[in-house]
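*Asks:* model this:
(chains A and B)
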Amino acid sequence: MSIDIKTARKVAHLARIEVAEEALPPLADALSNILAFMEQLNEVDIEGVEPMSSVTPMALKRRADEVTDGGYQEQILANAPDTREGFFAVPKVVE
Amino acid sequence: MTNLAYTEPKAKVIAGAKEDWELVIGLEVHAQIASKAKLFSGASTQFGAEPNSNVAFVDAAMPGMLPVVNEFCVEQAIRTGLGLKAKINLMSRFDRKNYFYPDLPQGYQISQLYHPIVGEGEILVDMEPGVARKVRVERIHIEQDAGKSVHDMDPEMSFVDLNRTGVGLMEIVSFPDIRGPEEAAEYVRKIRQIVRYLGTCDGNMQEGSMRADVNVSVCRPGDYERFRESGDFKHLGTRCEIKNMNSMRFIQQAIDVEARRQIAILEDGGSIDQETRLYDNVKGETRPMRSKEEAHDYRYFPCPDLLPLEIEQSWVDKIAASLPELPDEKKARFVKNFGMTEYDASVLTADVANAEYFEAVAKGRDGKQAANWVINELFGRLKKEDHGIEDSPISANQLGGIIDLIAKGDISGKIGKELFEIVWTEGGDPAEIVEARGMKQVTDFGAIEAAMDKIMADNPAQVEKAKANPKLAGWFVGQIMKATGGKANPKAVNETVRKKLG
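*Replies:* Residues are numbered from 1 along each chain as shown, chains lettered A, B, ... in the order given. Below is the predicted model of the structure:
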């Protein structure tokens, strides 16, 4: 499967990444190469092999249900281009 | 574990301009997990806090921050699954659901698409006594909630609050087994009842702790049965999803409106586009969401920040052992043990706090009497004053005390209601109040006889008439009641009058 310019443009838009028109062909090529590599991996016979999610025998870490974080509104908002009364202010989005 | 017998309700039929139509409905209910901290961060889930104050750097998706799953949230999902008699998956995984929206700083929601923690279960949706629909649950998965956007504070801007971002949700997905707007509303009500019994979600719909997405399609009579037989969706119509419903009433209205819209299009020779719509309760219509063209391109993939969630069967067993008695079983037990109607049992078990109150009143007393007092007097009064059972001015002990006084014959049912009023407004021990205010009814036959003798001596003509016509005995009963200030035990009075008039 290969990625054409149209798909590359769509993926960039979905991710809200601005890609100049002339940068799209090399991007499409790069994405196609990644997919080609995945297809190569697909050729390996994994019949009967348990999926492995980690090279080390680790279990998912869990936390206790305790409030240990938060309470720093000014830090959360510090990098925002615009804020009002403790909210992030963004261009109007209405459904 | 006994359940009551039931029959399934008929599917709702909507008459179009040309022919009859049936509805096929499936729901996705999002229930906020009743945890103190968020699903993947240590920030508080408290509702109504200052905007952006219950936010950790993980929730704000600051670079380099990593999610760590809240074990309590996992436990609540398992608990809910067990409450819905569902299969618990010992291995589940987290996936990223990617979409762009200002209140989603990560740019993706961590969810469980491919391997949810809970598999198939079922919910019995009660419609009326003896009528219920068994709705199959397809899955429950854990996911993050998004933030909240406020659109009405400024004409040019939307304001974003991330306090809700990352709060743990359970998404309970049903099969398309629901056949009418009322059933859909009752289904949500039943889920709410069950999660409240389990304590896994507070079910507060005003605060958005429970919301539903509703999938609606229409088909011709007979098509649904063909679908269930073959499992082939081609027998069903194209569905539309109505997003973000947070009231039972609106769910019902929206389904009705949406079904009629689809029927009108189909009867006109048109076809339904599969799309996401919003219900406008002011205009009473559904309309497509603007962002619909991208809505379903979520580019799911396994979340590389999280290992698979592997749980032990022993943990699941421990949680199963701690489950409370659930609504269906409680209702069946009330019917069986207390001899009450299914309707009364439904009322008493609607909320676990109600059921507990009733059981405290009924303990060691006549269950039917207790049910009558709790439902008719107490619930009636609470409803009138807009109180919940937690705010009841009369405790189960006090109400039990009133019932005891009636059972002992100390007061009549009528005086009991007066006593109820006194305890409601003034509080206090019912037995002491009855004693202190001389409300005790006279069961002393001697006193009643003495009153009767005096009345007979004063009214010889009445005595003669009553002896000839026993129907006139009621006059004496009334006179004795009057003479004793209404406190004479009616049974004792009747007996005395009958005896004396012989």
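*Asks:* going forward, measure contacts and count neighbours with C-alpha atoms only.
*Replies:* Will do.
*Asks:* mind listing the strands the strand ranked longest in chain A pairs with, and their directions?
*Replies:* Counting by DSSP state E, the longest strand found in chain A is strand A:87-91. Strand A:87-91 has its sheet partners listed here by DSSP bridges as strand A:83-84 (antiparallel), strand B:157-161 (antiparallel).
*Asks:* distance to A:Leu27 added to the ones you listed, as CSV?
*Replies:* Below are these laid out as CSV (distance: least, Cα to Cα, whole Å):
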stretch, distance to A:Leu27
strand A:83-84, 35
strand B:157-161, 33
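*Asks:* now render these as JSON lines, adding distance to B:Ile394 and mean pLDDT.
*Replies:* Below are those laid out as JSON lines (distance: least, Cα to Cα, whole Å; pLDDT from 0 to 100):
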{"stretch": "strand A:83-84", "distance to B:Ile394": "48", "mean pLDDT": "95"}
{"stretch": "strand B:157-161", "distance to B:Ile394": "42", "mean pLDDT": "95"}
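*Asks:* tell me which of these is the most buried.
*Replies:* strand B:157-161 (a mean of 22; mean count of other Cα atoms under 10 Å in any protein chain shown).
*Asks:* and the next element down the chain from it?
*Replies:* strand B:168-174 (DSSP states H and E).
*Asks:* near chain A at all, that following strand?
*Replies:* No - shown here: strand B:168-174 not in contact with chain A (Cα under 8 Å from any Cα of the partner chain), separated by at least 11.4 Å.
*Asks:* could I get the average pLDDT for that strand?
*Replies:* Average pLDDT, strand B:168-174: 98.
*Asks:* so where's chain B uncertain?
*Replies:* B:1-2, B:290-296 (pLDDT under 70).
*Asks:* quick check: residues of chain A near chain B?
*Replies:* A:14-16, A:53-54, A:59-73, A:76-77, A:84, A:86-95.
*Asks:* buried ones from those, can you make that a ChimeraX selection?
*Replies:* Buried residues among those (16 or more other Cα atoms under 10 Å in any protein chain shown), as a ChimeraX selection:
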select /A:14,63,65,66,67,69,70,71,73,76,77,86,87,88,89,90,92
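*Asks:* among the residues of chain A next to chain B, which ones are in helices?
*Replies:* A:14, A:73, A:76-77 (DSSP state H).
*Asks:* residue 22: neighbour count?
*Replies:* With no chain named, the answer covers chain A. Other residues near A:Glu22 number 8, with proximity taken as other Cα atoms under 10 Å in any protein chain shown.
*Asks:* my bad, the chain I had in mind was chain B
*Replies:* Neighbour count of B:Glu22, defined by other Cα under 10 Å: 22.
*Asks:* phi and psi next, for it.
*Replies:* phi -120, psi 160 (degrees, to the nearest 10).
*Asks:* correct me, but it touches B:Lys10?
*Replies:* No - contact status for B:Glu22 versus B:Lys10: not in contact, 10.3 Å apart, counting by Cα atoms under 8 Å.
*Asks:* which neighbours do the two have in common?
*Replies:* B:Arg179 (Cα atoms under 8 Å, 6 or more residues apart in numbering or on different chains).
*Asks:* show the contacting residues for the residue most central in space within chain B.
*Replies:* What sits nearest the mean C-alpha location of chain B, by Cα atoms, centre = their mean, is B:Gln193, with 3.8 Å. Contact analysis of B:Gln193 by Cα under 8 Å, 6+ apart lists B:203, B:327, B:350-351.
*Asks:* returning to that earlier point: how far out from the middle of the chain is the longest strand of chain A?
*Replies:* 23 Å (Cα atoms, centre = their mean, to the nearest Å).
*Asks:* do stretch B:82-99 as well
*Replies:* 24 Å.
*Asks:* can you show me the CA trace of that stretch as PDB?
*Replies:* Extracted C-alpha coordinates of stretch B:82-99, given in PDB (Å, rounded to 0.1, in the frame of the first residue of the first chain):
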ATOM      1  CA  LEU B  82     -20.000  -8.100  37.000                       C
ATOM      2  CA  GLY B  83     -23.200  -6.200  37.800                       C
ATOM      3  CA  LEU B  84     -24.300  -6.600  34.200                       C
ATOM      4  CA  LYS B  85     -23.400 -10.300  34.300                       C
ATOM      5  CA  ALA B  86     -20.800  -9.700  31.700                       C
ATOM      6  CA  LYS B  87     -17.600 -11.500  30.800                       C
ATOM      7  CA  ILE B  88     -14.500  -9.800  32.300                       C
ATOM      8  CA  ASN B  89     -11.400  -9.900  30.000                       C
ATOM      9  CA  LEU B  90      -8.300 -10.600  32.000                       C
ATOM     10  CA  MET B  91      -6.300  -8.900  29.200                       C
ATOM     11  CA  SER B  92      -7.400  -5.600  27.800                       C
ATOM     12  CA  ARG B  93      -5.500  -2.800  26.000                       C
ATOM     13  CA  PHE B  94      -5.600   0.900  25.600                       C
ATOM     14  CA  ASP B  95      -5.800   2.600  22.200                       C
ATOM     15  CA  ARG B  96      -5.600   6.100  21.000                       C
ATOM     16  CA  LYS B  97      -8.700   7.600  19.200                       C
ATOM     17  CA  ASN B  98      -7.300  10.600  17.300                       C
ATOM     18  CA  TYR B  99      -9.300  13.700  16.600                       C
END
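*Asks:* mind listing what's buried along that stretch?
*Replies:* Quick answer for stretch B:82-99 (16+ other Cα under 10 Å): B:82-84, B:86-90, B:92-99.
*Asks:* just the mean pLDDT for the longest strand of chain A, thanks.
*Replies:* 95.
*Asks:* just the residues contacting it, thanks.
*Replies:* A:77, A:80, A:82-83, B:51-52, B:102, B:156-161.
*Asks:* so where's chain A shaky on pLDDT?
*Replies:* For chain A, applying pLDDT under 70 flags the ranges A:95.
*Asks:* find the centremost residue of it, please.
*Replies:* Most central in chain A (Cα atoms, centre = their mean) works out to A:Ala15, at 7.8 Å.
*Asks:* is it true that that residue touches B:Phe100?
*Replies:* Yes - A:Ala15 is within contact range of B:Phe100, at 6.9 Å (criterion: Cα under 8 Å).
*Asks:* what do those two both touch?
*Replies:* What both A:Ala15 and B:Phe100 touch, as defined by Cα under 8 Å, 6+ apart, is the set B:Gly107.
*Asks:* spell out, range by range, the helices that occur in the stretch 251-400 of chain B.
*Replies:* For the stretch 251-400 of chain B, helices defined by DSSP state H, counting those that start in this stretch occupy the ranges B:292-295, B:313-321, B:327-338, B:342-349, B:352-362, B:367-372, B:380-385, B:396-408.
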